[in-house]
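J.: attaching a predicted model along with its sequence, questions to come.
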There are 2 protein chains.
Amino acid sequence: MSELKAILFGVGAVGSLIAKHLLDKGVRVVGAVDNDKNKVGKDLGKVLNLSEKLGLIVSEDVDSALSGEKCDVAIHATSSSFRRTYPQIASVVKHGVNVVSTCEELSFPYYSEPDLAKRLDKLSKKYETTVLGTGINPGFLMDTLVITLTAVCQRIERISVARVMDAATRRIPFQKKVGAGLKVDEFREAMETGLITGHVGLTQSIAMIADALSWNLDRIAAEQAEPVIAGNSVKSVSINLRPGYVAGMRQKAAGYRDGNPVISLDFQAYIGAKEESDQITIEGTPRVCQRITPCVHGDLGTVAIVANSVPKVINAPPGLVTMKDLPVPSAWNETFNSAS
Amino acid sequence: MSELKAILFGVGAVGSLIAKHLLDKGVRVVGAVDNDKNKVGKDLGKVLNLSEKLGLIVSEDVDSALSGEKCDVAIHATSSSFRRTYPQIASVVKHGVNVVSTCEELSFPYYSEPDLAKRLDKLSKKYETTVLGTGINPGFLMDTLVITLTAVCQRIERISVARVMDAATRRIPFQKKVGAGLKVDEFREAMETGLITGHVGLTQSIAMIADALSWNLDRIAAEQAEPVIAGNSVKSVSINLRPGYVAGMRQKAAGYRDGNPVISLDFQAYIGAKEESDQITIEGTPRVCQRITPCVHGDLGTVAIVANSVPKVINAPPGLVTMKDLPVPSAWNETFNSAS
């Protein structure tokens, strides 16, 4: 039984959190790639803010990072855009290495990039690797878990999913990402210029649910993120909000069938949200009303589900897969038997 | 695209409910087997209390029921005991037909009958069929769904699951099965003589969760079902309960690791239960606290999950499988493309 070997593709905020968790689990990190000039050439231990060096230098070049010993999986965490990450993921696949990626659009790539998805599927099969995009959302709370719960239903009319997060409990970059601290017109301008992109993944989650249910949707409509305005003065660790300023955002999307919204997603992330929860309601036979309180912590959950997907991906047949194609997800508490 | 063909093995209370749902879905029932002399020789439509005949006679003999056209799956619903159902299931498997069974012990047969499970696995592979035991509980609420939720955890210390049902909302046989209407000493006597068996499946659910997490348990301990005593006068459709009489039962089981109960299951089914719910609490990183309210209706949910498992089982590789080995469960809303 040999230890599992991984390379890290992207050691930014989320990639670093995953890296630390994998190291804690005893996974051997045999390579690290990043394009940040402040990280390239440095020891991974230093980049991860560990107390000691790991004897592994962060590289800018995938091929050199993968030129050493054969590894089992690449943990890819660089961008939300499948189009932008495709060349990165393809470069790993060509080394015959499996990929678990946090790329939001890759959680269900057939929605925004069907041709690119087919290309990646073909490439993965050619090199006998498995590629998965996952995360807590998209990847689990607003899609895989929803799909799982539909299994108790004989008939389904409509599905509503809501995630309500208090952004104050999250990383500062996340708080900024949802616009916290901005004036309302600054928020709208930032949305227009793309400085704030909103949450990526609602449309992918809807497409994945519809695919699992064999529902042909007329269309999937994503509303633009709307600012949530701070009422009373609330604050997070670093952002003090005066009433009238933006506390965060709310974003909705829906999948329509015969003109009716049959899958509705509602994502809310703002400082001061009182009741953090993940809610799934399935109107059907029987009706299912599920609630996780508080909502699952985004970073903790993403790190978990990425790591926990590693054994599933390694054991899966080659190809581009989504969460719903893999066996029931589960925590990974085992020393893994490496393929190499 | 041809329709899916099924045979029914067992057309008792649950088997009949599943049969009606499959007929509603357009599944073609090509055979029906039962050992009840009141059903054998009668038209299935009559046995199912349908308004019209189906032109299919309930048979006592599996081989003759399966001697006609090749079918895709057998829906098996006869007994909770794997040992008792083994010959029935084996007789279907030998015809090269997949099996979805409600047999509670078959939901995780490696716990109570590891040798028999291996034998059935071998047999299924020989005849290139897939066999699954499932249901709402065991099969989903207290095991598969729990396992699914562990996927968001980096570390898990302890898992608690509770199912609280108001037996008044269930079938009369179910109400009697949980002892409703008995005096306390009658309940205890019925438990001793085996007239009431308690809920079957808690130990299987614990074993399945432990297996998914690669937890080596020291032992799994199932407490005997305890009567829940009616406080104020409560009633169901047919059973009037005076205070002091048995309203139903509560049953607990736990899986121990290093002497500590790390997986605790608590099953409550009694007339007058105020807050029907399915609760899962995972003490870990992050802590996950999930609640389905009201609890998923047992019969509706079992019918659903058995039917919804059919396409998964047909598409799975041969062998004896459990819910956690199959892809993420989901509702089945499609006309299925039959394998035959």
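T.: It's in.
J.: secondary structure class for residue A:305?
T.: helix (DSSP: H, G, I helix; E, B strand; the rest coil).
J.: ok, now which ones touch it?
T.: A:134-136, A:139-140, A:329, B:151-152 (C-beta atoms under 8 Å, 6 or more residues apart in numbering or on different chains). To be clear about C-beta, it is placed using only N, CA and C from the backbone, and glycine gets the same treatment.
J.: and for residue A:133?
T.: A:82, A:101-109, A:139, A:322 are the contacts of residue A:133 under C-beta under 8 Å, 6+ apart.
J.: export these to TSV and tack on secondary structure?
T.: Formatted as TSV, the contacts of residue A:133 follow (three-state DSSP):
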residue	secondary structure
A:82	helix
A:101	strand
A:102	coil
A:103	coil
A:104	helix
A:105	helix
A:106	helix
A:107	helix
A:108	coil
A:109	coil
A:139	coil
A:322	coil
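J.: only whichever of the residues you listed are buried, select them in PyMOL.
T.: In PyMOL, this line selects whichever of these come out buried by 16 or more other C-beta atoms under 10 Å in any protein chain shown:
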select buried, chain A and resi 82+101+102+103+104+105+106+107+108+109+139+322
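J.: tell me the one among the contacts of residue A:133 nearest to residue A:217.
T.: residue A:108 (12.7 Å; C-beta to C-beta).
J.: got the contact list for that closest one?
T.: Residue A:108 sits in contact with A:133, A:138, A:143, A:204-205, A:207-208, A:211, A:322, where contact means C-beta under 8 Å, 6+ apart.
J.: what's the most distant pair in these?
T.: Taking C-beta to C-beta, the two most distant members of the contacts of residue A:108 are A:133 and A:211; they sit 14.2 Å apart.
J.: interface residues of the stretch 101-250 of chain A facing chain B?
T.: Taking C-beta under 8 Å from any C-beta of the partner chain as the test, the list of the stretch 101-250 of chain A residues beside chain B reads A:136, A:140-141, A:144-145, A:147-154, A:156, A:212-215.
J.: and if we set it to 10 Å?
T.: A:134, A:136, A:139-141, A:143-156, A:209, A:211-215 (C-beta under 10 Å from any C-beta of the partner chain).
J.: nearest to residue B:75, of the contacts of residue A:305?
T.: Among the contacts of residue A:305, and counting by C-beta to C-beta, the member closest to residue B:75 is residue A:329, at 27.2 Å.
J.: let's verify the residue nearest to residue A:332 when sequence neighbours are not counted: helix, strand, or coil?
T.: Distances taken as C-beta to C-beta, 6 or more residues apart in numbering or on different chains put residue A:308 closest to residue A:332, at 4.5 Å, once the chain neighbours are dropped. Secondary structure for residue A:308, judged by three-state DSSP, is helix.
J.: so residue A:308 makes contact with residue A:134?
T.: Yes. Contact criterion C-beta atoms under 10 Å: residue A:308 and residue A:134 qualify, at 9.0 Å.
J.: now do the strands in the stretch 1-150 of chain A.
T.: Per DSSP state E, counting those that start in this stretch, the stretch 1-150 of chain A carries strands over the ranges A:5-9, A:28-33, A:73-76, A:98-101, A:130-133.
J.: next: the stretch 151-300 of chain A.
T.: Remark: strands assigned in the stretch 151-300 of chain A by DSSP E, counting those that start in this stretch are A:155-166, A:219-222, A:226-229, A:234-235, A:240-241, A:246-257, A:260-270, A:277-285, A:288-292.
J.: can you lay out those as JSON lines showing distance to residue A:29?
T.: Shown next, in JSON lines, are these (distance: least, C-beta to C-beta, whole Å):
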{"stretch": "strand A:155-166", "distance to residue A:29": "30"}
{"stretch": "strand A:219-222", "distance to residue A:29": "36"}
{"stretch": "strand A:226-229", "distance to residue A:29": "39"}
{"stretch": "strand A:234-235", "distance to residue A:29": "37"}
{"stretch": "strand A:240-241", "distance to residue A:29": "39"}
{"stretch": "strand A:246-257", "distance to residue A:29": "34"}
{"stretch": "strand A:260-270", "distance to residue A:29": "31"}
{"stretch": "strand A:277-285", "distance to residue A:29": "31"}
{"stretch": "strand A:288-292", "distance to residue A:29": "32"}
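J.: among those strands, which gets the worst mean confidence?
T.: Here the lowest mean pLDDT among the strands of the stretch 151-300 of chain A goes to strand A:234-235, at a mean of 66.
J.: residues contacting the one residue sitting closest to the centre of chain A?
T.: The centroid of chain A falls nearest to residue A:135 when counting by C-alpha atoms, centre = their mean (3.1 Å). When contacts are counted by C-beta atoms under 10 Å, 6 or more residues apart in numbering or on different chains, residue A:135 touches A:14, A:77, A:80, A:100-104, A:106-107, A:141, A:201, A:298, A:301-303, A:305-306, A:309, A:323.
J.: just put the strands of the stretch 1-150 of chain A in TSV and tack on mean pLDDT.
T.: Formatted as TSV, the strands of the stretch 1-150 of chain A follow (pLDDT from 0 to 100):
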stretch	mean pLDDT
strand A:5-9	97
strand A:28-33	95
strand A:73-76	98
strand A:98-101	98
strand A:130-133	98
